[in-house]
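here you go, sequence then predicted model.
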Amino acid sequence: MKRLNLLGNTVSDFEHIMRSLGEKPYRGRQVFKWLYQVLQSDFNRMTNLSRSLRQRLEERYEFVGPEPERSAVSSDGTEKFLFRLADDALIETVLIPEGGKRTVCISSQAGCALGCAFCATGKMGFTRNLTAGEIVWQLLYLRRRGGDEAFQNIVFMGMGEPLLNYDEMVRAIEIISSEIGLSVSAKKITVSTVGIVPGIYQLADSGLKVNLAISLHAADGEKRKKIIPIAKKYGIKDLTEAVRYFAKKRRKRVTFEYVLMGGFNDTRQDALALARMIAGIPCKINIIAYNPVAGLPHRRPSDDEVDRFAQWLYPRAPAVTVRKSRGLDIEAACGQLAGKYV
């Protein structure tokens, strides 16, 4: 009999399994903790379970995920991992050192259907949504390799649009933030979206205490449509209203990500349009220079051009940060993930 992989099951799923086995539901919480927090996937080593239960679990279930097929380390310490999933879909995960802490950038889809004009993932097209288990596994692998301090912050900024895989993303966050799971506070989790307006409202109403980041890249509606096709469906006005709703409902500051492309969205007029758009929204703006992608026509601006754009914004915007590209030499920087060998 082929064993069922329990990767991606939530606490309630495990409680249901235990009931089906004639056990008390709390046994499910014990197993959940062994798998996600203790990182013990050998049922025979789960010493607070009866021998009979351990044997039944061993016969029927497993808890497995893929090892990276390839990894690379940047000169700045950034690490990128390429995972091949069970159906040969490829995803990438990036671990970014920041001072004494690490942020892990995880994927929510294999590829992406949105086709943003500056992004390698969009260029590769869409394969499929990831399951909650495939999302969480990226973190479990790092924990197994590096322990509890393998990372401190999690950003859904890897391959894919997380709000187009909403249900599996939420299941993954439930496991990640559970006190008996990975035990990462939702306050240390950021969901990044290119502007899926219904998903922003849904996330605002969900009760999840995660942070929201908007991949904006242009505050002029017509200009944004040229680089982000979904902007033709969800315009600047609708996006701004959704972000205001999220910030008010969740009482959280929102981050606007702005990839600066030389000669396209880097003028004083662009900066003033951005300042007008975010007026009254509790937010910060992260400016990052465009990271080159083979076959795409955009130009990476100079450091002086980036700093000048930031100076135009501040103090018109409440908080402006210039974010340096990390992992450029291994194609692990923002917009460069394409599920390929380096």
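Arrived safely, thanks for sending.

for the closest residue to Met157 other than its chain neighbours, list the residues it contacts.
Nearest-residue entry for Met157: Ser192, 4.4 Å, with adjacent residues in sequence omitted and distances by Cβ to Cβ, 6 or more residues apart in numbering. Just so you know, the C-beta spots here come from the backbone N, C-alpha and C atoms, and that holds for glycine as well. Ser192 is in contact with 155-157, 162, 212-215, 257, counting by Cβ atoms under 8 Å, 6 or more residues apart in numbering.

mind listing which of these are in helices?
Among the contacts of Ser192, DSSP state H puts none in helices.

from Pro292, how far off is Met124?
Relative to Pro292, Met124 is positioned 16 Å away (Cβ to Cβ, to the nearest Å).

let's have the contacts of Ser192 in TSV, adding neighbour count and pLDDT.
TSV is the format used below for the contacts of Ser192 (neighbours: other Cβ atoms under 10 Å; pLDDT from 0 to 100):
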residue	neighbour count	pLDDT
Val155	20	97
Phe156	24	97
Met157	24	93
Pro162	30	98
Leu212	23	98
Ala213	20	97
Ile214	24	97
Ser215	22	95
Glu257	19	95
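
let me have those residues in a markdown table, extended by distance to Ile200.
Below are these laid out as a markdown table (distance: Cβ to Cβ, whole Å):
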| residue | distance to Ile200 |
| --- | --- |
| Val155 | 16 |
| Phe156 | 13 |
| Met157 | 16 |
| Pro162 | 11 |
| Leu212 | 7 |
| Ala213 | 11 |
| Ile214 | 8 |
| Ser215 | 12 |
| Glu257 | 14 |
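
buried residues in the helix or strand of the chain with the lowest mean pLDDT?
Within the chain, no helix or strand scores below helix 120-124, which has a mean of 79 by mean pLDDT, DSSP states H and E. Across helix 120-124, burial judged by 16 or more other Cβ atoms under 10 Å covers 120-124.

immediately after it, which helix or strand?
strand 126-129 (DSSP states H and E).

flag every buried residue along that next one.
Within strand 126-129, the residues that count as buried by 16+ other Cβ under 10 Å are 126-127, 129.

now swap in stretch 83-94 and tell me
So, applying 16+ other Cβ under 10 Å, buried residues of stretch 83-94: 83, 85, 89-94.

thinking again about what came up before, okay, the buried residues of helix 120-124 in TSV with distance to Arg300 next?
Putting these into TSV (distance: Cβ to Cβ, whole Å) gives the following:
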residue	distance to Arg300
Ala120	14
Thr121	18
Gly122	18
Lys123	17
Met124	20
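
and those residues, which is closest to Leu140?
Thr121 (22.5 Å; Cβ to Cβ).

quick revisit: so what sits opposite the residue nearest to Met157 in the bridge?
Beta-bridge pairing for Ser192 (DSSP bridges): Ala213.
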